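[1] pasted the sequence and its predicted model underneath.
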Amino acid sequence: MSNMPKYKVEHYEDKIRRHFNPLIEEQELLVKQYRTEATKRIVGKLAKKMGADKIMDAFKKAEDMMKKARQDAQTFFKKKAKQDEKKTLTYDMRSEEISLKDCEEQLRDWAKDLVDREIRRRKEGEMLAQLEAVKQKAMDIVYENGDDEAIAKALDTCTKKIGITWVVDTSKIKQISA
C-alpha cells in the first residue's frame with residue numbers, strides 16, 4: 001500500500017462493514033436457528049451412541065434418591081433441633097461435585113461441535129463462509145492497493161459476486177426540484 005492516509009483506510013473499512021455486516025448477521029441468524037434445532041436433536045443420539053445415556057439415567061436416579069435423602073435429612077434435623085433448644089444446626093448440604101447438569105452441558109457442547117461441522121456443509125453455512133471470505137478479500141484489496149480508482153474497481157468486481165454494487169451509477173438519478 002502506497003501511503004494511503006489513515007482516514008481513507010478507515011473509510012473503506014467502515015464501508016465494507018456497512019455492506020457486509022448486515023448480510024453476515026442475517027446469515028448467522030439462519031445458521032444459529034439451525035444449530036439450536038440440530039443440537040437438540042443430536043444430544044440424545046450422541047449420548048446413546050457414546051453410551052452416556054445409561055450413565056446419565058443412573059445419574060438421574062441417583063440424584064433423585066440423593067435429593068429425597070437430603071430432604072429427609074433436612075426435615076429430620078430441623079425437627080430434632082426444634083424439639084431440643086440446645087441442639088443447633090451446623091451442617092451444609094451443598095456440594096461442588098459433578099452433577100447431571102454438568103454431564104448434559106458437556107454433551108450439548110460436543111453436539112454443538114458436530115452441528116457446526118455439519119452446518120458448513122449446508123447451504124446456510126456455505127453462504128456464511130462465502131460472505132466472510134468475500135468480506136476478508138475486500139479488506140485485503142483496501143490494504144494491498146493505494147490507488148482509490150484501483151480499489152473501487154477491484155471492490156466492485158469482488159462484491160458483484162454476492163450482489164453488492166460497490167460503484168453506484170448516479171447518472172440516472174433524477175434531479176430533485178426545489
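    In hand now; what should we look at? Just so you know, these numbers come straight off a predicted model, no measurement behind them.
[2] so for this protein, the centremost residue is which one?
    Lys32 (6.7 Å; Cα atoms, centre = their mean).
[3] any idea which element that residue lies in?
    helix 6-50 (DSSP states H and E).
[4] for the helix or strand following that helix, name the packing helices and strands.
    Using DSSP H and E, the next helix or strand after helix 6-50 towards the C-terminus is helix 52-83. Packed against helix 52-83 by the contact rule (3 or more Cβ pairs under 8 Å, 6 or more residues apart in numbering; DSSP states H and E) you find helix 6-50, helix 100-119. Every C-beta, even on glycine, is put in place using the N, C-alpha and C of the backbone.
[5] name the residues that touch the helix or strand that the shortest one is followed by?
    Moving toward the C-terminus from helix 100-119, the first helix or strand encountered (DSSP H and E) is helix 123-144. Counting contacts by Cβ atoms under 8 Å, 6 or more residues apart in numbering, the residues outside helix 123-144 that touch it are 1, 9, 12-13, 16, 19-20, 23-24, 27-28, 30-31, 34, 118-120, 151, 154-155, 158-159, 161-162.
[6] buried sites along helix 123-144?
    Glu124, Gly125, Met127, Leu128, Leu131, Val134, Lys135, Ala138, Met139, Ile141, Val142 (16 or more other Cβ atoms under 10 Å).
[7] tell me which of the helices and strands packed on helix 52-83 sits nearest to Met66.
    Judged by Cβ to Cβ, the one of these that comes nearest to Met66 is helix 100-119, at 10.4 Å.
[8] how far off helix 52-83 does that closest one point, in degrees?
    150 degrees (axes from the mean of the first three to the mean of the last three Cα atoms, to 10 degrees).
[9] helix 100-119 vs helix 123-144, what angle?
    Going by the same axes, to 10 degrees, helix 100-119 makes 70 degrees with helix 123-144.
[10] for helix 100-119, the averaged confidence score.
    Confidence for helix 100-119, expressed as mean pLDDT, is 83.
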